[in-house]
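**Q** sharing a model prediction with you, sequence too.
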Amino acid sequence: MADPSSSGGDAASNIAASGAAAAIGGIMGTIKDKWDAAGGQEVISNVSGAIPQNTKDMLSQTTSKLFNRQALRSPTVFFGIGEERPFYLEKSPPLVAERIKHNISFFYLNYMILTAVLFFLTVIVSPSALIGMALLGAGWMSVIKATQEGHMEIKGTVNLFHIREMILAKAIVGYTNLNRSHAFTVVRF
């Protein structure tokens, strides 16, 4: 014999679920309306238009090579589930170095996804980091725009080299600074 109170509980949870779905739908509609009213699409198209075409092409090619679905390893392979010795550490330094190189090239997409998840969680915990990254991104967009020919002079004395090398150098320095202190990174030449 069925418990009459359980059917009432099911109906109440269905009503609550449909109410939550309606509330989320309403919030999404409000966000979309505010986005359209504030001219969000225009801002996106202006930012996209400010990026040089050769930068867009380079990003497109890099993205297609880097985010190849075939490079994503399953969780069982990534975490070594079912293997006899999944996390065996070699004793000699040359073998350790070779193992690290192999793991980076084999699991790079898994490492990138894990890093992105941790980065996202860090931004949630520390929203001021998001403001710093936005300012840093705006600064780099101005540098990229100023170096469309591949170099830039500052006050006629400092000639900056190609933008790709500069971005790579700043990414390494910025990542190191973020790990030491959660302060904003400052571009120094």
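**A** Received it, and whenever you're ready, just let me know what you need. A quick note: this is a predicted structure, and the numbers were derived from the prediction, not measured.

**Q** for stretch 127-145, what is the average pLDDT?
**A** Across stretch 127-145, the average pLDDT comes to 85.

**Q** show me how far it is from its chain's centre.
**A** Put simply, stretch 127-145 sits 14 Å off its chain's centre (CA atoms, centre = their mean, to the nearest Å).

**Q** mind exporting the helix or strand containing residue 63 as PDB, just the C-alpha atoms?
**A** Using DSSP states H and E, residue 63 sits in helix 53-66. The C-alpha trace of helix 53-66 is given here as PDB (Å, rounded to 0.1, in the frame of the first residue of the first chain):
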ATOM      1  CA  GLN A  53      43.800  40.300 -38.400                       C
ATOM      2  CA  ASN A  54      47.200  38.500 -38.100                       C
ATOM      3  CA  THR A  55      46.600  38.100 -34.400                       C
ATOM      4  CA  LYS A  56      43.200  36.600 -35.000                       C
ATOM      5  CA  ASP A  57      44.600  34.200 -37.600                       C
ATOM      6  CA  MET A  58      47.400  33.200 -35.200                       C
ATOM      7  CA  LEU A  59      44.900  32.600 -32.400                       C
ATOM      8  CA  SER A  60      42.700  30.600 -34.700                       C
ATOM      9  CA  GLN A  61      45.500  28.300 -35.800                       C
ATOM     10  CA  THR A  62      46.800  27.800 -32.300                       C
ATOM     11  CA  THR A  63      43.400  27.100 -31.000                       C
ATOM     12  CA  SER A  64      42.700  24.400 -33.600                       C
ATOM     13  CA  LYS A  65      46.000  22.700 -32.900                       C
ATOM     14  CA  LEU A  66      46.000  23.100 -29.100                       C
END
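
**Q** got the buried residues for that helix?
**A** residue 55 (16 or more other CB atoms under 10 Å). C-beta: built from backbone N, CA, C; applies to glycine.

**Q** please apply the same query to stretch 110-130.
**A** Buried-residue list, stretch 110-130, by 16+ other CB under 10 Å: 110, 129.

**Q** dump it to PDB, keeping only the CA atoms.
**A** Extracted in PDB, the C-alpha atoms of stretch 110-130 (Å, rounded to 0.1, in the frame of the first residue of the first chain):
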ATOM      1  CA  ASN A 110      43.900  17.400 -19.200                       C
ATOM      2  CA  TYR A 111      46.400  19.700 -17.400                       C
ATOM      3  CA  MET A 112      45.000  22.700 -19.100                       C
ATOM      4  CA  ILE A 113      41.400  21.800 -18.100                       C
ATOM      5  CA  LEU A 114      42.500  21.200 -14.500                       C
ATOM      6  CA  THR A 115      44.300  24.500 -14.500                       C
ATOM      7  CA  ALA A 116      41.300  26.300 -15.900                       C
ATOM      8  CA  VAL A 117      39.000  24.800 -13.300                       C
ATOM      9  CA  LEU A 118      41.400  25.900 -10.500                       C
ATOM     10  CA  PHE A 119      41.800  29.300 -12.000                       C
ATOM     11  CA  PHE A 120      38.000  29.700 -12.200                       C
ATOM     12  CA  LEU A 121      37.700  28.700  -8.500                       C
ATOM     13  CA  THR A 122      40.400  31.200  -7.600                       C
ATOM     14  CA  VAL A 123      38.500  34.000  -9.400                       C
ATOM     15  CA  ILE A 124      35.300  33.000  -7.500                       C
ATOM     16  CA  VAL A 125      37.200  33.100  -4.200                       C
ATOM     17  CA  SER A 126      39.000  36.400  -5.000                       C
ATOM     18  CA  PRO A 127      37.000  38.700  -7.300                       C
ATOM     19  CA  SER A 128      39.600  41.400  -7.000                       C
ATOM     20  CA  ALA A 129      41.900  39.100  -9.100                       C
ATOM     21  CA  LEU A 130      39.300  39.400 -11.900                       C
END
